[in-house]
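Colleague: My questions concern the predicted model and sequence given below.
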Amino acid sequence: MKKFYITTPLYYVNDVPHIGHAYTTIAADVVARWRRLNGQPVFFLTGTDEHGSKISDAAAKAGETPQAFVNRVAGEFKKLWVTLNISNDDFIQTTQERHKKVVQAVFEKLKASDDIYKGTYEGWYCVPDETYFSESEIVAGNCPVCGRPLQKLREESYFFRLSKYEQPLLAHYAAHPEFLSPTLRANEIMNFVKSGLKDLSATRTRVSWGIQVPSDPSHVVYVWVDALLNYITAAGYGASAPGMRFDEVWPADIHLVGKEIFRFHTVIWPAMLMALGLPLPRRVFAHGWWTVDGAKMSKSVGNVVDPAKMCAEYGVDAFRYFLLREVPFGADGDFSEKSLLGRYNSELANNLGNLLQRTCTLLVKNFDGSLPPASQSRMLGDASRLLARIEKAYDGLAFGEVLEEIIGLMVKTNQYIDEMAPWKLGPDDKDKLAVILGECAGVLRALAVLLWPFMPTKTEEMWRRLGEAGSVEKDGSLWLNSLKAGRIPDVASEQKVQKGDPLFMRKSGKSQ
Ligand code: ME8
C-alpha cells in the first residue's frame with residue numbers, strides 16, 4: 001500500500017523556530033496522526049534548509065563555521081519537535097550527503113536533457129531573499145517581498161527552462177483542481193503562469209555556501225532548486241534513502257506550506273518534476289500567516305512567540321489545540337495569549353476537563369470505579385455520521401471544523417449530565433446511574449480517540465483515567481473502526497476508573 005506522504009517546508013536555519021514554524025509542523029502532525037489512526041501507513045517529513053548566503057552570513061555573525069552553525073540550529077528545531085510531540089518519520093537537512101548526491105545527479109540529468117542550459121543573468125537582486133526580480137515586479141526600486149533596496153547584478157548562470165512548462169502546468173492545474181489548495185489561492189497562480197514564465201536562474205557564482213555543480217564547480221545550485229528537491233531525496237529517489245522504495249512513497253500527498261512560498265511549490269517544483277519525468281504531488285496546500293497581537297512577528301519589534309515557552313505555560317496539548325482551533329486553516333490569524341488563556345479555561349478546563357472529572361468521580365463513588373457497559377449510547381448514536389463529517393473536514397484540512405464537531409459532542413454530553421443530574425440519584429437508582437455514566441464514559445473514550453491527533457498527551461491520560469490498559473495510539477484504530485460502524489467497543493480492560501487530578505487546571509487571567 002502506498003504510504004501517505006506529507007511534508008512541511010524545510011525551515012531556514014538562520015533563526016530559531018517560532019510559532020509560524022510550529023503551526024505548519026503541528027498541522028502536518030495532526031494529519032499524519034489522523035491517517036495512522038485510520039490504519040494508513042504514513043511518511044511524514046520535515047527538516048531544515050541550510051544553504052545560501054543568508055545562512056553563511058548568520059554563521060559568520062555567530063562566529064561559527066557554516067556546518068557547525070546549521071547543525072546547532074537544526075538541533076533547536078529537532079528539540080522543539082520533541083517538545084511539541086511531532087511524530088515525523090524523517091528529518092532532512094539539505095547539507096546531508098544523501099541530499100547533495102540527489103541535487104548533483106538531478107542537475108546533471110537536466111543539463112543532459114537540455115532542460116538546464118548556460119547563459120548570463122542580469123537583474124534586480126535581493127540579497128537577503130536571494131531572489132532576482134524583474135523590472136515589472138520591483139516596487140520603487142525595492143524588493144517586493146521584504147521592501148529592502150535591490151542591487152542590479154550580472155552573472156553567468158545556468159537556467160532551468162521554466163518557460164517550456166507554461167502550458168503543461170496550466171493543463172495540470174485544469175485537470176487536477178485539488179493541486180492548488182485552498183481554491184481561493186488558485187487563481188493567483190494560474191494568472192501568474194498565464195502571464196508568461198521566464199526561465200529560472202538555477203545557479204549562483206557569487207554564493208559559496210551551497211551544492212556545487214559537478215561539471216562546473218564555480219557554480220552552486222540556487223538554494224530554492226536545492227531545497228525543493230529534498231522532497232524526493234527523503235522519499236528515496238535514486239536510492240538516496242536505503243531501505244525505502246521511492247514508488248512506495250512518491251508522489252507526495254500533501255506539501256503543506258505557508259502562503260508566501262506557494263508559488264515556488266506550485267510553479268517551479270512541478271515544472272522540475274515534469275522535466276524529471278516524475279509524477280506530481282497530489283496537493284499543495286497553503287495556509288495563512290500569524291501576526292501577534294495585531295502586529296507582524298519580528299525580532300526587532302520583540303514580539304516573536306517562543307512555542308516552548310507557551311508549552312511550559314499552558315502545556316503542549318493546549319498549545320497545539322489552540323493553534324488549530326483559533327483560526328480557519330488557510331486564513332491569516334492573530335495570536336494572543338489572552339485568547340489562548342480564554343480557550344484553555346472555557347473549552348479545555350471547563351468543558352472537556354469537567355466532563356471527565358464529573359464522570360470519573362461519580363463512577364468511583366457509585367461503582368467503585370468499575371465501568372458499566374455503554375453499548376446503547378444516545379450521545380454517540382450518530383457517531384458514524386459525525387465521523388463522516390469529521391473525515392470530510394480532514395480532507396479539506398479544515399481543522400477548525402473537525403474541532404467544532406468534537407466540541408459539539410462535548411457540549412451535548414455536558415448538557416446531558418446537567419439534565420440527568422446523576423449526583424441527585426441515590427443508591428436505589430443504580431440502574432439509571434449505570435446508564436448515564438456508561439453513556440458518558442463511552443463518549444469520553446470516543447473523545448479521547450478523536451482528540452488524540454490534536455492532543456496526544458492529555459488524551460492518553462484520559463484513556464488511563466477511564467480504565468483502559470493500553471493506549472489510544474495502539475488501540476485507537478480499533479475504536480475508530482467500531483465508531484464508524486456505529487458501535488461502541490466493549491470495555492476490554494479490568495482496570496478501574498480513577499478520579500485523578502483535573503485534566504486541565506483552570507488558570508487565572510493575565511493582567512492585560
Ligand atoms: O521559506 N505564520 O523557510 P522559512 C504562519 N526555507 N506560518 C509561518 C509564519 C507565520 N508568521 N512564519 C513562518 C522557507 N511560517 C524555505 C522553504 S521549502 C523547500 C523551503 C512557516 O524558515 C510557514 O510554513 O522562511 C512558512 O511557509 C514557513 O514557515 C517558512 O519558513
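Modeller: Good, I have the coordinates. Numbers count the residues shown, from 1 in each chain.
Colleague: So which residues lie in contact with the helix or strand of the chain with the lowest mean pLDDT, not counting its own?
Modeller: In the chain, no helix or strand scores lower on mean pLDDT, DSSP states H and E than strand 131-133, which sits at a mean of 80. Strand 131-133 is contacted from outside by Tyr121, Gly123, Trp124, Tyr125, Cys126, Cys143, Pro144, Val145, Leu150, Leu153, Ser201, using C-beta atoms under 8 Å, 6 or more residues apart in numbering. Every C-beta, even on glycine, is put in place using the N, C-alpha and C of the backbone.
Colleague: what's the closest of the residues you listed to the ligand?
Modeller: Closest to the ligand out of the contacts of strand 131-133 is Val145 (10.7 Å), distances taken as C-beta to the nearest ligand atom.
Colleague: And for Pro502, the neighbour number?
Modeller: 11 (other C-beta atoms under 10 Å).
Colleague: residue contacts, the residue of the chain most remote from its centre?
Modeller: Centroid-distance maximum for the chain: Asp428 at 51.6 Å, with C-alpha atoms, centre = their mean. If a contact means C-beta under 8 Å, 6+ apart, then Asp428 has no contacts.
Colleague: what kind of secondary structure is it in?
Modeller: Classification of Asp428 using DSSP: H, G, I helix; E, B strand; the rest coil returns helix.
Colleague: residues from this protein in reach of the ligand?
Modeller: When proximity is defined as C-beta under 6 Å from any ligand atom, the chain approaches the ligand at 9-12, 20-21, 23-24, 49, 227-228, 257-258, 260-261, 289-290, 297.
Colleague: Now list the buried members of the residues you listed.
Modeller: Among the residues of the chain next to the ligand, those scoring as buried are 9-12, 20-21, 23-24, 49, 227-228, 257-258, 261, 289-290, 297 (criterion: 16 or more other C-beta atoms under 10 Å).
Colleague: among the residues you listed, which are in strands?
Modeller: Pro9, Leu10, Tyr11, Tyr12, Asp49, Val257, Gly258, Trp290 (DSSP state E).
Colleague: of the residues you listed, closest to Tyr314?
Modeller: Trp290 (16.4 Å; C-beta to C-beta).
Colleague: show me what contacts the nearest residue to that closest one once chain neighbours are set aside?
Modeller: Nearest non-adjacent residue to Trp290, counting by C-beta to C-beta, 6 or more residues apart in numbering: Phe335, 5.1 Å away. Residues in contact with Phe335 (C-beta under 8 Å, 6+ apart) are Ile19, Trp290, Thr291, Val292, Asp293, Val305, Glu326.
Colleague: what's around the closest residue to Pro66 other than its chain neighbours, how many residues?
Modeller: Residue nearest to Pro66 in three dimensions, not counting chain neighbours: Ala59, with 4.3 Å by C-beta to C-beta, 6+ apart. For Ala59, the count of nearby residues is 22 (other C-beta under 10 Å).
Colleague: In this structure Leu480 contacts Asn38, no?
Modeller: Yes: Leu480 lies in contact with Asn38 (C-beta atoms under 8 Å); the separation is 6.6 Å.
Colleague: Which one's more surrounded, those two?
Modeller: Between Leu480 and Asn38, Leu480 has the larger neighbour count (other C-beta under 10 Å), namely 22 against 16.
Colleague: how much space between the more buried one and Leu403?
Modeller: 17 Å (C-beta to C-beta, to the nearest Å).
Colleague: in this protein, which ranges drop under the pLDDT threshold?
Modeller: Along the chain, the model assigns pLDDT under 70 to residues 373-377, 490-494, 510-512.
Colleague: try 80
Modeller: Applying pLDDT under 80 to the chain picks out residues 127-132, 206, 240-244, 299-300, 371-384, 486-495, 509-512.
Colleague: Columns secondary structure and neighbour count on top of the contacts of strand 131-133, output as TSV?
Modeller: Formatted as TSV, these follow (DSSP: H, G, I helix; E, B strand; the rest coil; neighbours: other C-beta atoms under 10 Å):
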residue	secondary structure	neighbour count
Tyr121	strand	20
Gly123	strand	20
Trp124	strand	20
Tyr125	strand	21
Cys126	strand	20
Cys143	coil	20
Pro144	coil	17
Val145	coil	14
Leu150	coil	21
Leu153	strand	14
Ser201	strand	21
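Colleague: Contact partners for Gly258?
Modeller: By C-beta under 8 Å, 6+ apart, the neighbours of Gly258 are Pro9, Gly20, Thr24, Ala286, His287, Gly288, Trp289.
Colleague: Now with 6 Å, please.
Modeller: By C-beta atoms under 6 Å, 6 or more residues apart in numbering, the contact set of Gly258 is empty.
Colleague: Now Ala32: phi and psi?
Modeller: phi -60, psi -40 (degrees, to the nearest 10).
Colleague: where's it relative to Ser298, distance?
Modeller: From Ala32 to Ser298 the distance is 31 Å (C-beta to C-beta).
Colleague: more neighbours, these two?
Modeller: Ala32 (24 against 10).
Colleague: ok, for that one, nearest residue in space, not its chain neighbours?
Modeller: Closest to Ala32 by C-beta to C-beta, 6+ apart is Phe44, at 4.0 Å.
Colleague: ok so that neighbour is a strand residue?
Modeller: Yes: counting by three-state DSSP, Phe44 is located in a strand.
Colleague: Identify all residues paired with it through a beta bridge.
Modeller: Beta-bridge partners of Phe44, counted by DSSP bridges, are Ile6.
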